[in-house]
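Novice: Below are the sequence and a predicted model for it; my questions follow.
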Amino acid sequence: MKRRIFCATATLVASIGFATAAAAQTKWDFATAYAPFNFHSKNNEQFVKDVDAATSGKLKITPHFGASLFKMPEIKRAVQTGNAQMGEFFLVSFQNESQIFGVDGLPFLVNNYDDAFKLYQAQKPALQKLLDKQGQVLLYSVAWPPQGIYTKKPINSAADLKGMKWRVYSPTTARIGELIGAQPATVQEAELSQALATGVVDGLITSSATGADNKLFENLKYYYNVQAWIPKNAVTVSKKAFNALGKPEQDAVLKAAAAAEERGWKESKEVDAKSLATLKQGGMSIEQPSAQLKADLAKVGETVIKEWTDKAGAEGKAILDAYQASK
């Protein structure tokens, strides 16, 4: 009888222990729109593993790739509303909400990774403040490779882009399309290959990585390495979810985030070189822009930057001033 009572008690204690352990585990959903093989996704996956190891499994983050949880335009809002604890989104796509989101999409403001990182440091305080107001914590931000122009036909000047069905993904790319006389069509990355195959678009400006990932060489022939700008993704977490963590778990998340940011920028540089090689192997002609095309695009860039500065006001000017001072 005593043995039976002891066993029952031991079972109850064990059950309570397991229940307590289960209750102590926090689970987050991480929404992203990119395929698992994309370098951003691989970086995010390593972040998840680092957090799991650092918290001894107390914080379990489940990444959902390929827009499987929310479509790209919905991810930021999902984090704000708590429908997803974490999310990754393309900053420049939300410039209509605030000009602060669009600073790294300004054409020809930067043309190398060092300057792009300096611009990020100038932008970061305002970006953190803005996201905080929206109930989010900025964890890390990683650059895409420089943006180039993809076309079916050769181009020597901006006039050659007139009338082209131009894929846009942000207010800036839409404005550039207007200034060059192209026909803008909003297409998210997940639908890009289909849009090209069906003739919805026949020209666009995007990174070498996006071109390689989506095999743009199957529908387009030329890539002009104009290095127009170096935009970034941001990975954020719901402020409510982050604040609900214990201090050790918060520290673990922030440490893993800092590592992800450093690792991601380094990988972006490596991916650019590999992606250009992939495009070439696929049959795409990798071209440097003509002097005329560079001059035409520079004029477009001046117009876009002036318009952005006028809209962004004192806060936008402070970011650009800080960036110029850091060079």
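Specialist: Nice, I can see it. Only a predicted model underlies this, so the values are computations on that prediction, with no experimental measurement involved.
Novice: what's the closest residue to residue 216 other than its chain neighbours sitting at in phi/psi?
Specialist: Spatial nearest neighbour of residue 216, chain neighbours left out: residue 150 (5.5 Å); criterion: Cβ to Cβ, 6 or more residues apart in numbering. Every C-beta, even on glycine, is put in place using the N, C-alpha and C of the backbone. Main-chain dihedrals, residue 150, degrees, to the nearest 10: phi -110, psi 130.
Novice: what's the answer for residue 322, then?
Specialist: Backbone torsions of residue 322, given as degrees, to the nearest 10, read phi -60, psi -40.
Novice: Could you give the number of residues near the nearest residue to it once chain neighbours are set aside?
Specialist: Distances taken as Cβ to Cβ, 6+ apart place residue 122 nearest to residue 322, at 3.8 Å, with adjacent residues excluded. Residue crowding around residue 122 was assessed by other Cβ atoms under 10 Å; the count is 20.
Novice: helices and strands around the helix or strand residue 122 falls within, which ones?
Specialist: Applying DSSP states H and E as the criterion places residue 122 in helix 113-133. When contacts are defined as 3 or more Cβ pairs under 8 Å, 6 or more residues apart in numbering; DSSP states H and E, helix 113-133 sits against strand 136-143, strand 232-238, helix 247-281, helix 291-326.
Novice: Identify the residues contacting the shortest one?
Specialist: This means strand 232-238. 28, 40, 44, 47, 76, 79-80, 82, 84-91, 104, 116, 120, 127, 131, 135-144, 253, 257, 260 (Cβ atoms under 8 Å, 6 or more residues apart in numbering).
Novice: Can I get the buried part of the residues you listed as one ChimeraX selection?
Specialist: The buried subset of the contacts of strand 232-238, as determined by 16 or more other Cβ atoms under 10 Å, is captured in ChimeraX by this line:
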select :28,40,44,47,76,79,80,84,85,86,87,88,89,90,91,104,116,120,127,131,136,137,138,139,140,141,142,143,144,253,257,260
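Novice: follow-up on the earlier one: can I get the helices and strands packed on helix 113-133 in CSV with distance to residue 69 and mean pLDDT?
Specialist: Output for these, formatted as CSV (distance: least, Cβ to Cβ, whole Å; pLDDT from 0 to 100):
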stretch, distance to residue 69, mean pLDDT
strand 136-143, 17, 98
strand 232-238, 14, 98
helix 247-281, 19, 97
helix 291-326, 32, 95
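Novice: tell me the contacts of the residue nearest to residue 322?
Specialist: 319, 320, 322, 323, 326 are the contacts of residue 122 under Cβ under 8 Å, 6+ apart.
Novice: ok, now how distant is the closest residue to the second one other than its chain neighbours from residue 29?
Specialist: Beyond its immediate neighbours in the sequence, the residue positioned closest to residue 320 (Cβ to Cβ, 6+ apart) is residue 309, lying 6.8 Å away. Using Cβ to Cβ, to the nearest Å, residue 309 is found at 38 Å from residue 29.
Novice: Then residue 303?
Specialist: Going from residue 303 to residue 29 by Cβ to Cβ gives 41 Å.
Novice: Compare those two and say which is more crowded by neighbours.
Specialist: Neighbour tally, residue 303 and residue 29, criterion other Cβ under 10 Å: the higher count belongs to residue 29, 18 against 13.
Novice: and stretch 57-67, C-alpha only, in PDB?
Specialist: C-alpha atoms of stretch 57-67 as PDB (Å, rounded to 0.1, in the frame of the first residue of the first chain):
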ATOM      1  CA  GLY A  57      14.900  25.600 -25.200                       C
ATOM      2  CA  LYS A  58      12.900  28.000 -23.100                       C
ATOM      3  CA  LEU A  59      12.200  30.200 -26.100                       C
ATOM      4  CA  LYS A  60      11.100  28.300 -29.200                       C
ATOM      5  CA  ILE A  61      10.900  30.300 -32.400                       C
ATOM      6  CA  THR A  62       9.300  28.700 -35.400                       C
ATOM      7  CA  PRO A  63      10.200  30.300 -38.800                       C
ATOM      8  CA  HIS A  64       7.600  30.300 -41.500                       C
ATOM      9  CA  PHE A  65       9.300  30.800 -44.900                       C
ATOM     10  CA  GLY A  66       7.900  31.600 -48.300                       C
ATOM     11  CA  ALA A  67       5.000  33.800 -47.100                       C
END
